[in-house]
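**Student:** Build the 3D model from these lines:
(chains A and B)
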Amino acid sequence: MTINSANINNLVHALEERAKELNCLYTIEDAINNPEFTYDKVFSTVVNAIPKGWQFTDITSAVIVAGTVRFTSGNFCESKYFMKSEIIIDEVVKGYVQVFYSKETPQFDEGPFLKEERKLLDTIADRLSLYIHHEESKRILNNLQKIKDNSRTGTKENWRIIIEMLFRTDPVLYKTILRKLLYHLCWNDIKEAIDFLSSSSIEMIASGDETPFDENKPLKRKLVNNDEYESTILHLTEKHLKDEEVIEKIQKWITDDKISSLVKAVENNNTSLPAISEILRKHYKIAIEKHEVSTSIDKGLRVSLLRRFFTEQTEYITLAKEYVDLDDFYNLIDKIIFSPTSHGKLGGKSAGLFLASNIIKKFTQDNELLGNIKIPKTWYIPSDGIIQFLQYNNLEEVIEQKYKDIEEIRREYPHIIQIFKNSLFPPEMIQGLSVALDDFGDKPLIVRSSSLLEDQVGAAFSGKYKSLFLANKGNKKERMSALMDVIAEVYASTFSPDPIEYRAERGLLDFHEEMGIMIQEVVGKQVGDYYFPAFAGVAFSNNEFRWSPRIKREDGLLRLVPGLGTRAVDRLSDDYPTLIAPGQPNLRVNVTLDEMIKYSPMKIDVINLKNNDFQSKTVKELLDEIGDSYPKINNIISVIKNNLLVSPIGFGLDDSNSDVVVTFDGLIKNTKFIKQVDLILNILQEKTKAPVDLEFASDGNDFYLLQCRPQSRTRETAPDSIPRDIPPDKILFTAKKHISNGKVPEISHIVYVDPEKYNEIGNRNDLLAIGRAVGRLNKILPKRQFILMGPGRWGSRGDIKLGVNVTYSDINNTSMLIEIARKKGNYIPDLSFGTHFFQDLVEASIRYLPLYPDDAGIIFNELFLKRSKNIFPDLVPEFSHLKDVISVIDVPETKDGMILRVLINADLEESVAIFSSPVKSGSKENISSDVSEWKPSDQWKWRHKMAEQIASQVNPNLYGIRGIYIFGSTKNATAGPASDIDLLIHIDNYSDRLEELKIWLDGWSKCLSEINYIRTGYKTNGLLDVHFVTDLDIENKTSWAVKINAVTDAAKPLLMNLQS
Amino acid sequence: MADKNFNAFQMAQTQFDKVAEILTLDEPTRQLLREPLREYHFSIPVKMDDGTTKVFKGFRVQHNDAFGPCKGGIRFHPQETVDTVRALAMWMTWKCAVVGIPLGGGKGGVICDPHNLSMREQEQICRGWVRQLAKDVGPLNDVPAPDVMTSSQHMLWMLDEFETIKGSKYPGFITGKPIGLGGSLGRTEATGYGVIFTVREALKMLGIRPEDTTASIQGFGNVAQYALQLYSMLGGKVVCVSCWDQKDQKAYSFKKTSGITFEELTGITDRFGGIDQKKAIELGYEILDADAWIEQDVDILIPAAMENQVREDNIVKVGKKVKIIAEGANGPTTPEADKIIEEKGIFLIPDFLANAGGVTCSYFEQVQSNMNYFWEKDEVLGKLDYIMTSAFNAVSDLSKKKNLYMRDAAYVISISRVAQACKDRGWS
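**Tutor:** Predicted structure coming up:
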């Protein structure tokens, strides 16, 4: 009891002391910043404020000595109990602050004083140094100004007075100015000055030998002493320069000199970010606001600041230095949460946004369309924050995590999250976060990672690290702890298996990964219990998914969703964002009512403020709850009325039973939004000299830019390099029209529907059968390793002569859909551009390519397609009567192990399909040429091993097993983390015993699934996909039985233990 | 070589020739009916959004108007051919005749791809189409309707242009208009209900009480849903419905032996007829393979999804009990399967009879628009019942009398009706 209360008393006392110290500091700051206070008033206020900050206020007194002046507190009394801190300006001691206790007190940290009091005193002394320095500078500048004014009225030789003043106050600066005067004289072509410069030197350079024109030796110089040097310059100045000119120059040089300390500090990599910020704050007041800095220094400073705060990348700096000014940094530093020794950077995401917002700012004045473009309030934690976090908690060994086995990493990752969440943040960070939270209020927040690796060209880290939403509700303590929790989780994601694996594959593992953090206000409005933007999305300068030949690549692409933008950023499997080409907003992907409904966004992501939760709801559910209080709902939705989609007029949703579809018709037709996006994309593309990729959101009124990066960073849409001089026999086709960038994996099979033969089919049922045969091939051929080539319009429904009648499910495993437009008489038929299932193709990243074989200069190797061995009848015997129309070519079989590679470069408007050797997975080249999809490395190996195990352990005689085969991705060595293991078991007949076997296999399946989860993080419901076939099946080639002894991609028999 | 090509119009002509043979029609009548009466080919210049001008090709084919004004849709299709339009116009003639409504057959179109056109450009095409044809179409000549890639919006633009040219209101110029702007009530139910009216008559003919029957339906779009509703109202029990699952990209059959009700199933269905699997299981449905609907031991099968669903490979799985197949969709049965159905002695209600409820309701819309007086829904559906019942009876009587397969009987009856009308008018 007593111990407890004593503890509490101690605690309360300690807290009281901290409060006193703070009060003392505040008083001092107030005095210093009060423009009405005179120099003396400031000092007397400060000296009297000091005792109140000390533990034993009553017996405390203070004295400040600055240069020749001395100030004492009211009750001043010197004694032997004192502490002292010096006032240092430009490394010279200019005075001190001293605090006395008038009588003896108990002993604490530093004699009678607390360690906190030491810190406080040092802070006060520092602050006073700055103040004095600032005041002195001001005085000099003011004097100069006065003299300058006088000089206009004709007073001569004023500059002499300044020089003398400098000589007395700042000898170093005095020398600098003299040197600059000499250079200035030389610039002005004063011959005497030039001679003097080239022939003289002050004592420093030793005399060498006598050959003056030897390039490798220093010139011989005449030695002059200091006095002579100075007087010569002053003499020449007087002789050749006007008083007014000299004063102006000197004033400028003095300012430059002040700034140069900033430049030096920034350029010195040892200066910490907080130190840079402090210097920036200091000098901003003196000079920057007066815009008296010379352009070269100003530019140099901007470059250095960009380098220190953002990136070393010269491309970025070259661009950014044109658009950012010191004001922007001045505003930025107030929003950075530093630790005192931070040397980190803010990371790629922050850098992109900083640049983009500053570019747009430059154009805002000239263009009213840009008027309401904003950046959400953002705070930053530099990249080394994570290191300090680790050090503070003694967690450094986690950094070595990345060198462990991926399995181990995956197993340990949940613990890391827990450990991180239970770790403490360094006090400076807590303080910073607390200030940030006060600034944000209780607006929901998103904590985004801003990785340094995002700067590495070619490595698209988007989505690899976490971005987490935070409802930010409750009292300050709750909000604070929630915020720290989330930051800890984002930090932990650096050590999550996926990014580590991704980095390992790209040789980036040794790159020291530090991660910056952006804490951003979530754009939106609160409606009921929910918080969300009216709409959000992503925009691309280059449209790589064009649904009409009228849409040009530079018309751009918008993916728009209601609510939070998460649904627009990711490819969706169960929903569709609205697609718009901002350059051609009237050409829509979907034109019939059915299409418009089917491909409209059905779901919306929101923050649930009540549960502090991020939620996906259906739009209907949300509207049922909140009705037309959805912000600007008339811009978002249309209502189906009598089979017509109409934009609501007036009050919006008049009836809760309305059948509502998200169309954004109102937004497109009645607002400037599309024009705005188009303009922003154009400006950013033009100014950053590269197509860009933006994330944005709107609360209904304003447009907020959330992210901006070069579009080429998204690997998926980076153009391939197209080799020249490819031998013609290596080319399958070339294309030069309507090319969209995109990666196509290595192709092992070609499905070719011969346009001529298709056209000759006289029977509607045969035409329909072609579609069904393609659907069948789609199920059998290795996923994403085959391309479909066919006449005209894939997916044609009514008039199926125009193209093969397929639905999306008949083609959803292809990697590329190719439409061939052969000339008919004198016209070339229109192609569909995949419109029948366009948005499905987009979400699945299936690429589309139109071919015009009859155009000039186009190669189309029809002979290869027609003459190569056609394995179609063997693959799908039930359709063998169509073998003249459909060919399936096994490329490696036909071309000695080569595969087909489709290279696309939309920048050149060119595509070419070439036969080449496959690239072994894991090798170097793979990194530069691999596909958008996550490329498996050795997932198949252990799967294969397990399959062999299963085969060897089963008792074939007991179950009447003739053979066990493996096929699909495991056999083909293409298995990804989510792939299953396809087994084919050849049995005598279906017997009851088989049930036992199935149960046994099911056990295996579940265990393997667990192993796979540990290795890859993919959860599956069983990993084995077992198919039983009998002799009869094999004879009839029904279903999976075709895989046994198949002509292509045949199932591979596994060794069984026949002895058992 | 060229005649080997699949050509819709040649196919329609071949079909006609076959029936003409059965009817032993005289040569002039054959010549008259093998070709359209009139065709219009014209150009529609359109100012595009980018300021350029593009010229689109438009068509209207009026195949036969012996029974009354031509009726048929307008298609916007990028590779429209006049032969396709001719074939479709001919089919419209037969379709109107089989239900005995006083309309002829027509079809039209424009070669264009709406995917490449803005709404404003599409409006200009619609108005241009009407400007070219205003003197040759109209409530008393030829009544267009929506079709491939055209909607009620296009119809309203066309109507507006027509009325502007004529200087008066002619709501009967076009059908497919929204309710409140000249559309008819009951349009949503018409096709599905029409299917069941014919099923009811077929049961009556076979001497079976609807309440003693069960049915299985393929598809769960508009037609299937209202077929389910009316059939249940008649006392029948639907035990299986198959539908497309957008997410899995495949179809499933939903089975409930105790019977499926319209309210229950539509309650867990999205607007595309996709059924929520999880909720279905909670409600006691079994989820089976796509083809399971056809294997059910029921009395009636109603393929109401899309074409080519009843094929050689799955028709053999049809349960022994099945007595009636009613084709709610267009062309759900392949010719091979057709033969097997005929052999098995299953009673087939062919598509252009079973799903003629749609065109009949368009006719009602036209009638109501012409008199500018609109009926209650019950009145529309009552009149629909009457027309569908008479049409069914005529076809089934003929089928019995002449021992014809129902599909052939339907063709025979419609072609003979049109031929007779032509003769009566003195055309041949």
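**Student:** residues in the stretch 451-600 of chain A within reach of chain B, list them.
**Tutor:** Applying Cβ under 8 Å from any Cβ of the partner chain, we find that the stretch 451-600 of chain A lies next to chain B at A:547-550, A:573-574, A:586-589, A:591-594, A:597-598. Bear in mind the C-beta positions are built from the backbone N, C-alpha and C, glycine included.
**Student:** and the one residue in the stretch 401-550 of chain A that gets nearest to chain B, what is it in contact with?
**Tutor:** Per Cβ to the nearest Cβ, residue A:548 is where the stretch 401-550 of chain A lies closest to chain B, at 4.3 Å. Residues counted as contacts of residue A:548 (Cβ atoms under 8 Å, 6 or more residues apart in numbering or on different chains) are A:584, A:587, A:833, A:835, B:113, B:115, B:116.
**Student:** same thing but 6 Å
**Tutor:** Going by Cβ atoms under 6 Å, 6 or more residues apart in numbering or on different chains, residue A:548 touches A:587, B:115, B:116.
**Student:** hang on, the earlier thing: pLDDT check: weakest of the residues of the stretch 451-600 of chain A next to chain B?
**Tutor:** Among these, residue A:573 has the lowest pLDDT, at 68.
**Student:** Now the residue of the stretch 401-550 of chain A closest to chain B: closest residue in space, sequence neighbours ignored.
**Tutor:** residue B:116 (4.3 Å; Cβ to Cβ, 6 or more residues apart in numbering or on different chains).
**Student:** follow-up on the earlier one: narrow the residues of the stretch 451-600 of chain A next to chain B to those in helices?
**Tutor:** Among these, the subset assigned to helices under DSSP state H consists of A:593, A:594, A:597, A:598.
**Student:** Does the closest residue to residue A:1016 other than its chain neighbours belong to a helix, a strand or coil?
**Tutor:** Once flanking residues are discounted, residue A:1016 sits nearest to residue A:977: 3.5 Å by Cβ to Cβ, 6+ apart. Here residue A:977 is recorded as coil under DSSP: H, G, I helix; E, B strand; the rest coil.
**Student:** Next: residue A:957.
**Tutor:** helix.
**Student:** what's the burial count for it?
**Tutor:** Look at residue A:957: counted by other Cβ atoms under 10 Å in any protein chain shown, it has 10 neighbours.
**Student:** what does residue B:371 give?
**Tutor:** Residue B:371 - counted by other Cβ under 10 Å - has 9 other residues nearby.
**Student:** buried set for the helix or strand containing residue A:478?
**Tutor:** For residue A:478, the element it lies in under DSSP states H and E is helix A:476-493. By neighbour count with 16 or more other Cβ atoms under 10 Å in any protein chain shown, helix A:476-493 contains the buried residues A:479-480, A:482-493.
**Student:** Using CSV, lay out those together with distance to residue A:106 and pLDDT.
**Tutor:** Output for the buried residues of helix A:476-493, formatted as CSV (distance: Cβ to Cβ, whole Å; pLDDT from 0 to 100):
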residue, distance to residue A:106, pLDDT
A:479, 40, 91
A:480, 35, 92
A:482, 42, 91
A:483, 40, 93
A:484, 37, 93
A:485, 41, 91
A:486, 44, 91
A:487, 41, 92
A:488, 41, 91
A:489, 46, 89
A:490, 46, 88
A:491, 43, 89
A:492, 46, 87
A:493, 50, 84
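**Student:** Give me the distance between the two termini of stretch A:160-179.
**Tutor:** 15 Å (Cα to Cα, to the nearest Å).
**Student:** what's the spacing between the residue nearest the centre of chain A and residue A:567?
**Tutor:** Note on chain A: the residue nearest the mean C-alpha position is residue A:349, at 3.8 Å, using Cα atoms, centre = their mean. Residue A:349 sits at a distance of 20 Å from residue A:567 (criterion: Cβ to Cβ, to the nearest Å).
**Student:** Same question for residue A:499.
**Tutor:** Residue A:499 is 22 Å from residue A:567, by Cβ to Cβ.
**Student:** For the very next helix or strand once past the helix holding residue A:478, name the packing helices and strands.
**Tutor:** Helices and strands here follow DSSP H and E; after helix A:476-493, the next one along the chain is helix A:497-505. Contacts defined by 3 or more Cβ pairs under 6 Å, 6 or more residues apart in numbering or on different chains; DSSP states H and E place helix A:497-505 against helix A:406-421.
**Student:** Which residues does the helix it packs on contact?
**Tutor:** By Cβ under 6 Å, 6+ apart, helix A:406-421 touches A:485, A:488, A:491, A:492, A:495, A:496, A:497, A:500, A:501, A:1014, A:1015, A:1017.
**Student:** Those residues: which two are farthest apart?
**Tutor:** Largest separation among these by Cβ to Cβ: A:485 and A:1015, giving 28.6 Å.
**Student:** So which residues on chain A come close to chain B?
**Tutor:** Residues of chain A found near chain B (Cβ under 6 Å from any Cβ of the partner chain) are A:548, A:550, A:574, A:586-587, A:591-593, A:597-598, A:642-644, A:760-762, A:764-765, A:768, A:798-799, A:801-802, A:809, A:812, A:829-830, A:835.
**Student:** Any of the residues you listed buried? List them.
**Tutor:** By 16+ other Cβ under 10 Å, the residues of chain A next to chain B give A:548, A:550, A:586-587, A:591-593, A:597-598, A:643-644, A:761, A:764, A:768, A:798-799, A:801-802, A:809, A:812, A:829-830, A:835 as buried.
**Student:** So which of those residues belong to strands?
**Tutor:** Among these, the members found in strands (DSSP state E) are residue A:644.
**Student:** what about the residue in the stretch 201-350 of chain B that chain A sits nearest to, how many neighbours?
**Tutor:** Nearest residue of the stretch 201-350 of chain B to chain A, counting by Cβ to the nearest Cβ: residue B:249, 3.7 Å away. Neighbour count for residue B:249, taken as other Cβ under 10 Å: 13.
**Student:** just the helices in the stretch 951-1060 of chain A please.
**Tutor:** Assigned by DSSP state H, counting those that start in this stretch, the stretch 951-1060 of chain A shows helices spanning A:956-959, A:993-1016, A:1031-1036.
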